[in-house]
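Asks: I'll drop the sequence and a predicted model, then ask my questions.
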Amino acid sequence: MKPASTLVFLASLLAVSSLQAKWSRIPIMQEKPVNVAAKGAHSSASIDSSSGIGQVDNLLNAADPTAAATLNAGSSFFIISFGKPVMVSNSSLVNDGIEGKVALSASADKSGWAVLEEKVFSAADRSINFKFAGIQAKFLKFEFVLSKGGIIRTLNVTGGQTDRGYALKQDATGSKGQPMNFAGGLGGGRLVYAAPKPVNGIDSAAAFNKFEFPESDEKYRTLIYDMGQVRVMNEFSSVHSPSPVRFEVFAFEKLPEKEDWRGRLAFDPADFNNAKPVVAYEDKVGTGTIKVKPSQPVKTRYLALRWEPDFNPPAFLIEGTGAMGNVTAVQGRETRTMTINGQQVQVTVDPGTAVGAGTSEAQATVTINVLNADGSVASSVTYSGGGVTGVDISGGNIQVLTGNNPNTAPNDSPSPPVAVVSIDSSGAVTTQPTAVGFVLGVQPTASSGSVTTQTAPPTTGDSGATNQNAVEIVAAVLGISTDAAAQAITAVANSGGSATTAAAAVINVVTINNGDVSNAQAVLSGSLQGGTGSTSTSTSTSTSTEGTGTGSSDSSLPMSPTGTGATSANQTNQISTIVTSP
């Protein structure tokens, strides 16, 4: 073979291997900025006033990036009220045909305006972007002077606020509640693959859910999201370059990843050859927006969106993606104060990082403080990790809750308790795992003051073997079937309150059912310490909490009739956060 021919042959092989190369997983972003101009639990944004703009409220639609507002030629404006001063430093909107100029201004009270940036643009400019020094603003004004009217959509305003500290709940069908975009905003999804590599930088692309794909010989432009847990979705959308394109959506029960030669997770795009899209749509005209519904709701944790332009454009922009499902509750960090056995008790639930930020890190933190008469903390106990998702304060004690297995679909079973925290009339605190909590190795992670920690499960009357969430999460942790998980929980409940007996029973069930014995031993290690239970008064430093006990709530978390957040022990109340992994 001639040297020249050899070079050509090697170059061809290199080109083929490049096209078929596996994609490297993108490092998970722990916190993502959220759009403070979108209506939702995180924002009180509203349209304060406007002129010359049709359907202006669509600009605040967090669930649907395709929702449009219309502008005529001439002058027009809209003012957003955030309800309170918020930090803003970036803004963008998608342009469908308008031409002229726009000025962006901020104000604390609308009596004076600071111009942040002005832009001149043509109808060919798909995206209008503003970047300016961060400023606290209660009002934001967009003023247009247009020579040509058209449409704007996908408004984003970001600054200092992130998606940390919010929790979302769905019912089993995903049909109840309000729409939420799981691919952006508070939805919690995280980008794990993007191909080809966006030229606007993977960090920026993943943070703002905006992708500038370069000219490429690759046939597809692909994004893969990890939602952190199984979500129920019923609509998918895209705002992208206005060119003809085929749009496909794939759902993976388990993402077929393997470690590459560097030990990093990688995805082989050839796996799409064995997958069938749950929905597909072809835009032959090139409108630049697609919104499509599957024939039935899609239940999945891993979602892939794929675009196939009908020619190789110099660049293909994706300005927004939508994976919409309904949520029954969106909950943020919350503190409540109640009276238990004559003692003032303050309970704080912090949902932590967004669930898509990696389920091993996405854990709630529950802090329970017994207060002195002057409001200072007398005793404190904290639970975090281990699948902790919230608390139930419906009785004379506090139940620490877990959720469902993040790799199974949402269901309507109640959140099972994993620990019980009791407070007596002297203010002394006692903690004890439930049968489910014992199997999961749940123990306090910090405590101070008069706190007695029982490591063994209750002697009688405790079980969670019939709770679907309980058996699913135990099955996931121990690597056994749900039937075997129910056996393990029942064995602990029947152990007579002995930690040693309970642990041996769990290991026996795991062994018989070919589960992960080593993992079971590791999970139970905290429970095994202390034998049949230990009694100690903690003097360690407690985890600090914020809040004065006045509490805050959305409609899914009813407060007491006084509105102060105080509640008596016999009132039913639950502070419940999102499903996280064990």
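Replies: Sure, I can see it. Numbers count the residues shown, from 1 in each chain.
Asks: may I have the phi/psi pair for the closest residue to V418 other than its chain neighbours?
Replies: Excluding its sequence neighbours, the residue lying closest to V418 (C-beta to C-beta, 6 or more residues apart in numbering) is G437, at 3.2 Å. (Glycine included, C-beta is placed from N, CA and C.) Phi and psi for G437, reported as degrees, to the nearest 10, are phi -60, psi -40.
Asks: correct me if wrong: G437 contacts A419.
Replies: Yes: with the criterion set as C-beta atoms under 8 Å, G437 and A419 qualify as a contacting pair; they are 4.8 Å apart.
Asks: so between these two, which is more surrounded?
Replies: Of the pair G437 and A419, G437 is the one with more neighbours under other C-beta atoms under 10 Å, namely 31 against 27.
Asks: so what's the more buried one scoring on pLDDT?
Replies: For G437, the model assigns a pLDDT of 91.
Asks: how close does it sit to T402?
Replies: Relative to T402, G437 is positioned 8 Å away (criterion: C-beta to C-beta, to the nearest Å).
Asks: identify the contacts common to the two.
Replies: When contacts are counted by C-beta atoms under 8 Å, 6 or more residues apart in numbering, G437 and T402 have P417, V418 as shared neighbours.
Asks: circling back to that earlier point, which neighbours do G437 and A419 share?
Replies: Applying C-beta under 8 Å, 6+ apart, one finds that G437 and A419 are jointly contacted by V400.
Asks: circling back to that earlier point, residues touching the residue nearest to V418, list them.
Replies: The contact partners of G437, taken as C-beta under 8 Å, 6+ apart, are V400, T402, P417, V418, A419, P457.
Asks: wait, what's in contact with D57?
Replies: Residues touching D57, when contacts are defined by C-beta under 8 Å, 6+ apart, comprise I47.
Asks: for it, helix, strand, or coil?
Replies: Using DSSP: H, G, I helix; E, B strand; the rest coil, the three-state assignment for D57 comes out as helix.
Asks: distance of it from A67?
Replies: From D57 over to A67 (counting by C-beta to C-beta), the distance is 9 Å.
Asks: what does E334 give?
Replies: Following C-beta to C-beta, the distance that separates E334 from A67 is 30 Å.
Asks: what is the end-to-end distance of stretch 305-318?
Replies: Length of stretch 305-318, first residue to last, C-alpha to C-alpha, to the nearest Å: 11 Å.
Asks: average pLDDT across that stretch?
Replies: If you average the pLDDT over stretch 305-318, you get 88.
Asks: try stretch 341-353
Replies: Per-residue confidence for stretch 341-353 averages out to 90 on the pLDDT scale.
Asks: then stretch 202-213?
Replies: Here the mean pLDDT over stretch 202-213 is 92, rounded to a whole number.
Asks: cool, and stretch 175-191?
Replies: For stretch 175-191, mean pLDDT rounds to 88.
Asks: within the helices and strands, which one has K258?
Replies: Using DSSP states H and E, K258 sits in strand 257-259.
Asks: may I see the buried residues of that strand?
Replies: Buried residues in strand 257-259, defined by neighbour count with 16 or more other C-beta atoms under 10 Å: E257.
Asks: and the contacts of that strand?
Replies: K22, R25, L265, A266, F267, D268.
Asks: from V400, how far out is I98?
Replies: Where V400 is concerned, I98 sits at a distance of 53 Å (C-beta to C-beta).
Asks: can you count the residues close to D217?
Replies: Other residues lying near D217 total 9 when counted by other C-beta under 10 Å.
Asks: what's the answer for A133, then?
Replies: A total of 7 residues lie near A133 under the criterion other C-beta under 10 Å.
Asks: what about it, distance to V86?
Replies: From A133 over to V86 the distance is 15 Å, taken as C-beta to C-beta.
Asks: picking that back up, average model confidence for the strand holding K258?
Replies: 89.
Asks: can you start the count at 39 instead of 1 from here on
Replies: Got it, the first residue is 39 from now on, which makes the last one we talked about strand 295-297.
Asks: and it, how far from the chain's centre?
Replies: Relative to its parent chain, strand 295-297 has a centroid offset of 24 Å by C-alpha atoms, centre = their mean, to the nearest Å.
Asks: out of I136 and V438, which sits in the busier spot?
Replies: Set I136 next to V438 and count neighbours by other C-beta under 10 Å: V438 wins out with 29 against 25.
Asks: which element, helix or strand, includes the more buried one?
Replies: Taking DSSP H and E as the definition, V438 sits inside strand 435-440.
Asks: what does that strand contact?
Replies: When contacts are taken as C-beta under 8 Å, 6+ apart, the neighbours of strand 435-440 outside the stretch itself are 378, 383, 385, 404, 406, 421, 424-431, 453-461, 474-475, 478, 480, 507-508, 511, 612, 614, 620.
Asks: ok, residues contacting the helix or strand just after that strand?
Replies: With elements assigned by DSSP H and E, the helix or strand that comes after strand 435-440 is strand 455-461. Where contact means C-beta under 8 Å, 6+ apart, the residues beyond strand 455-461 that reach it are 378-379, 381, 383, 406, 408, 419, 421, 424-426, 430, 434-440, 467-472, 474-475, 478, 480-482, 502.
Asks: ok, now stretch 213-225?
Replies: Here stretch 213-225 makes contact (C-beta under 8 Å, 6+ apart) with 72-73, 76, 78-80, 100-103, 201, 204, 206, 208-209, 226-227, 247, 263, 265, 269, 271-273, 335, 341, 343, 358-368, 392, 394.
Asks: buried ones among these?
Replies: Among these, those scoring as buried are 72-73, 76, 78-80, 100-103, 201, 204, 206, 208-209, 226-227, 247, 263, 265, 269, 271-273, 335, 341, 343, 358-365, 367-368, 392, 394 (criterion: 16+ other C-beta under 10 Å).
Asks: out of those, list just those in strands.
Replies: Under the assignment DSSP state E, the buried ones among the contacts of stretch 213-225 contribute 204, 206, 263, 265, 269, 271, 273, 341, 343, 358-365, 367-368 to strands.
Asks: on that earlier part again, quick check: buried residues in the strand holding V438?
Replies: Under the neighbour-count criterion of 16+ other C-beta under 10 Å, strand 435-440 has N435, I436, Q437, V438, L439, T440 buried.
Asks: what's the closest of those to A522?
Replies: Nearest to A522, judged by C-beta to C-beta, of the buried residues of strand 435-440 is T440 at 18.4 Å.
Asks: distance check, that closest one against D554.
Replies: 19 Å.
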